[in-house]
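Trainee: Next input, structure requested:
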Amino acid sequence: MDKQSYLLIDESVLPEIYRKVVRANELLENGGASSTAEAARLAGISRSVYYKYKNAVFPYVRREAGGLFTVQALLLDKPGVLVELLTVFYRANANILTINQNIPVKGKAFVTVSARSDRMRGDADTLLRELLEVPGVLKVESILG
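Mentor: Predicted coordinates:
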């Protein structure tokens, strides 16, 4: 499996479709839309375009703006793994803002957790090491912040 990599690109040079996908995600997160179909319609895109990019396009949040960070983890599809992962965030006093878990494929699922770190005990590297120690967590990486 190839290692994922990320780019930080000024949104003004990207096709408008990416901004619309981010807008649809925002509508779903803040209650501005009650369904994926409604969010896509309000953002001005088709549902198929939304589904194609929804897990690949994210707004960038600067670390100085409230101490936000996002972690992506690959989990085994076993009961309790996600709860144990979230418990590590709780113990570190990291305030979880969003959780997005994909449907498991071949016994594994990606989960993305965004949290506020301004009151967190310890640093992000320590948190990442502790997350990797959770039984059933196969991979962890910080993708923002």
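Trainee: and the residue nearest to the spatial centre of the chain, what pLDDT?
Mentor: Taking Cα atoms, centre = their mean, the centroid of the chain lies closest to Thr112, which sits 3.3 Å from it. Turning to Thr112, the model gives it a pLDDT of 92.
Trainee: Then Gln101?
Mentor: Reading off the model, Gln101 has pLDDT 89.
Trainee: what about the residue nearest to the centre of the chain, helix or strand, and which?
Mentor: In this assignment (DSSP states H and E), Thr112 forms part of strand 108-116.
Trainee: hang on, the earlier thing: thought the residue nearest to the centre of the chain was touching Ile99?
Mentor: Yes: assessed by Cβ atoms under 8 Å, Thr112 is found in contact with Ile99 at 7.4 Å. In short, each C-beta sits where N, CA and C put it, glycine included.
Trainee: these two touch, right, Val81 and Thr87?
Mentor: No: the criterion here is Cβ under 8 Å, and Val81 misses it with Thr87 at 10.7 Å.
Trainee: Which of those two has more residues huddled nearby?
Mentor: The neighbour comparison of Val81 against Thr87 (other Cβ atoms under 10 Å) goes to Val81, with 19 against 13.
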